[in-house]
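Q: Model the following, please.
(chains A, B, C and D)
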Protein chains: 2
Amino acid sequence: MLDVRRMQVLRAVVTSGSVTAAAANLGCTPSAVSQQIAVLEKQAGTALLERVGRGVRPTAAGRLLTEHAAIIGRHLAEAETALADLRAGRTGHLAIRCFATAGAALVPPALAALRAEHPGVRVDLKLIDPEDPLPEVAEGRADLAIIIHPRPEPPRGVVLTHLLDDPYRVVLPRGHRLAAKRCLDLADLAEEPWVGNEFPSGPCHRIVVDACAAAGFSPDVVVESEDYATAQGFVAAGLGVCLIPRMGLGNRHAGVVVRPVRRPEPIRAIFAAVRESAEPQPALRGLLDALRAAAA
Amino acid sequence: MLDVRRMQVLRAVVTSGSVTAAAANLGCTPSAVSQQIAVLEKQAGTALLERVGRGVRPTAAGRLLTEHAAIIGRHLAEAETALADLRAGRTGHLAIRCFATAGAALVPPALAALRAEHPGVRVDLKLIDPEDPLPEVAEGRADLAIIIHPRPEPPRGVVLTHLLDDPYRVVLPRGHRLAAKRCLDLADLAEEPWVGNEFPSGPCHRIVVDACAAAGFSPDVVVESEDYATAQGFVAAGLGVCLIPRMGLGNRHAGVVVRPVRRPEPIRAIFAAVRESAEPQPALRGLLDALRAAAA
DNA sequence: TCTGACAGGACAAGCGAATTGTCGTGCACG
DNA sequence: CGTGCACGACAATTCGCTTGTCCTGTCAGA
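A: Numbers count the residues shown, from 1 in each chain, chains lettered A, B, ... in the order given. Next up, the predicted model:
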């Protein structure tokens, strides 16, 4: 296999016109250049330079190899600039996984800010309710995931960044007797029929159930919904009450009223998860910053 | 500057999927591969592989560099095949310089034979009467020259190959009194008017003049021509006699007769001149062989 | 035309650095 | 708990560069 470095030396000799000039350009002695060319000639199996008077002239093979050296050198420079772009965050891909609520409320402003600072970065955003996005990050299929609850054991090599605490609110049918209170206790809802609105396997569901248990009851779910908008519809129809996180109440149904709740106030903590090894990427750091700013 | 060799190592790792497999493919130990990657990462300023479980996975930068490594590797292979083609004589350029007579009689069959054996070789043929083609070869502007007379000192680094001896013939007007003889002595022409047909500065002219001097006279040139065809026209018109080399009598004028001449018989020796350093080229060797065959 | 000085490249020897191989260690998976 | 894999440290080798020297070709002046 031909040595690219030596080919560049040959190119320097051919373009400079002499071994000595090439050596000066390359910052070494003419002897070193001469030896490199000699080795390259041995590799190529042909003479590449021929002495003519004092000075050298490339042979046909030398000219051929010089042209290819120029091509390869150009590609190499291209690779270097591409790498520099990637390192500086000017280009790259970011694969983001999040759940639907965050996808609507948190990610768009963050992506807008990211695009302003790193216009060359492509973003691949996927909403993957209700699966757990954490393995996607841990196994390198995604660069950042927005998750709900800190696991007891976040996988090795994955770091979590707290973005915001999203408190739950009570959603009542307009005219409900409890709507008279400005702030409800969770235990007020113990005897009410409930509208379920979380995936039973997800962490959000667990937060609600745990809070109710702390308040001394277990919610009586009479109807299940899979998203907050239809859940509000069920509530407005008088089927029951429900808890919806504040971030999920962006567009509110006209037939419901929303009240804060306490004792306890269920809170879902939202974290960003990134691989530790991927953290130094400027684009990823920019995205994290933008997410923190959007959460505030 | 990135090291292409290490980039190929990276490519091997990425395509093989593991350091060990890449090492096996490359015929070295995993340690060597690992260290090469480490150095490349230092050069690139970024991590290129990240450990995941047992095994490694390329980072975004690693994938980027792998793609560029593939491109560069392809170009390198291309350069190698091009070089091999050139070495084997399958491709290349041959610049040939010759004088008009050889261009018409000697070179075409030789080029036909060359094309049969080396179809990819491009030929650049130039007739450069009356300049001396030898410097063209000595200084690398041409690969082969067909010249007339061996110089006393052929330039260093140039080798001459004898192709053929081309004897001069006497050309007489039809019905000339000397046309009765089957073979003339050169001295028979001492008192005749002569038609000149060589460039006065060229070697051919010198051969004729020297031969006449050896026969004891100096030709009385009454009219000068610059090529053999018009010279024959002058002879046919009865303006005088002349000497034309046999190779220059390919198409003969109807109004002349041709006779051999002796005592002495002027002979121009035709040589092929090539640079010593250019001699190992297969295409050039093939051309020399073809020229020798055409001369026989 | 000849000769001395200079420029330019090639070769030999020696040193320093890089590369490679052999070990051992840590980690993840079965 | 064993096995396979990747990584780190150290010794031997190889590679590349520099220094010094010689040879060749060119130019200028006599």
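
Q: Leaving out the residues flanking it, which one is nearest to residue A:49?
A: The shortest distance from residue A:49 to any non-neighbouring residue, by Cβ to Cβ, 6 or more residues apart in numbering or on different chains, is to residue A:56 (4.3 Å). Placement of C-beta: from N, CA and C, glycine included.

Q: cool, residue A:29 as well?
A: residue A:23 (5.7 Å).

Q: so who does that neighbour touch?
A: With contact set as Cβ atoms under 8 Å, 6 or more residues apart in numbering or on different chains, residue A:23 has these partners: A:29, A:30, A:32, A:33.

Q: The closest residue to DNA strand C within the stretch 101-250 of chain A in helix, strand or coil?
A: Closest to DNA strand C within the stretch 101-250 of chain A is residue A:156: 5.0 Å, counting by Cβ to the nearest atom of the strand. The three-state assignment at residue A:156 reads coil, by DSSP: H, G, I helix; E, B strand; the rest coil.

Q: Run a quick neighbour tally on it.
A: Close neighbours of residue A:156, defined as other Cβ atoms under 10 Å in any protein chain shown, add up to 7.

Q: who in chain A is up against chain B?
A: Applying Cβ under 8 Å from any Cβ of the partner chain, we find that chain A lies next to chain B at A:1-5, A:7, A:44-47, A:50, A:52, A:57, A:59-61, A:64-65, A:68-69, A:71-72, A:75-76, A:78-80, A:82-83, A:86-87, A:92-93, A:139-140, A:275, A:277-278, A:281.

Q: Report the separation between the residue located most distally from the centre of chain A and residue B:49.
A: The centre of chain A is farthest from one residue, residue A:53, which by Cα atoms, centre = their mean lies 62.8 Å away. In this view, residue A:53 and residue B:49 are 52 Å apart by Cβ to Cβ, to the nearest Å.

Q: Need the per-residue pLDDT for the residue of the stretch 101-250 of chain A closest to DNA strand C.
A: Model confidence at residue A:156, given as pLDDT, is 70.

Q: Repeat that for residue A:170.
A: Residue A:170 is given a pLDDT of 93.

Q: The host helix or strand of it packs against which elements?
A: Secondary structure from DSSP states H and E places residue A:170 in strand A:158-173. Packing partners of strand A:158-173 (3 or more Cβ pairs under 8 Å, 6 or more residues apart in numbering or on different chains; DSSP states H and E): helix A:134-138, helix A:203-214, helix A:228-236, strand A:242-245, strand A:256-262, strand A:267-275, helix A:282-295.

Q: can you pull the contacts of residue A:128?
A: Residue A:128 neighbours (Cβ under 8 Å, 6+ apart): A:97, A:98, A:99, A:136.

Q: any chance of the residues you listed in JSON lines, plus distance to DNA strand C?
A: Formatted as JSON lines, the contacts of residue A:128 follow (distance: Cβ to the nearest atom of the strand, whole Å):
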{"residue": "A:97", "distance to DNA strand C": "20"}
{"residue": "A:98", "distance to DNA strand C": "25"}
{"residue": "A:99", "distance to DNA strand C": "25"}
{"residue": "A:136", "distance to DNA strand C": "15"}
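
Q: Near DNA strand C, which residues of chain A are found?
A: By Cβ under 7 Å from any atom of the strand, the residues of chain A that approach DNA strand C are A:18-21, A:30-31, A:34-35, A:37-38, A:49, A:51, A:54-56, A:156.

Q: Determine which two of those are furthest apart.
A: Among the residues of chain A next to DNA strand C, the pair separated by the greatest distance (Cβ to Cβ) is A:54 and A:156, at 65.9 Å.

Q: quick revisit: need the winner for burial among the helices and strands packed on strand A:158-173.
A: Highest mean neighbour count of the helices and strands packed on strand A:158-173: strand A:242-245, a mean of 26 (counted as mean count of other Cβ atoms under 10 Å in any protein chain shown).

Q: What sits closest to residue A:243 if chain neighbours are left out?
A: residue A:168 (4.3 Å).

Q: Could you measure from the one you found over to residue A:228?
A: 11 Å.

Q: returning to what we had before: which one of the contacts of residue A:23 has the most neighbours?
A: Sorting these by how many neighbours each has (other Cβ under 10 Å) puts residue A:33 first, at 25 neighbours.

Q: Hmm, it is touching residue A:13, no?
A: Yes - Residue A:33 lies in contact with residue A:13 (Cβ atoms under 8 Å); the separation is 6.4 Å.

Q: SS state for the nearest residue to residue A:214 once chain neighbours are set aside?
A: The shortest distance from residue A:214 to any non-neighbouring residue, by Cβ to Cβ, 6+ apart, is to residue A:264 (5.3 Å). Following three-state DSSP, the label given to residue A:264 is coil.

Q: okay, now residue A:264: neighbour count?
A: Residue crowding around residue A:264 was assessed by other Cβ under 10 Å; the count is 15.

Q: Look up phi and psi at it.
A: Residue A:264 adopts backbone torsions of phi -90, psi 170, taken as degrees, to the nearest 10.
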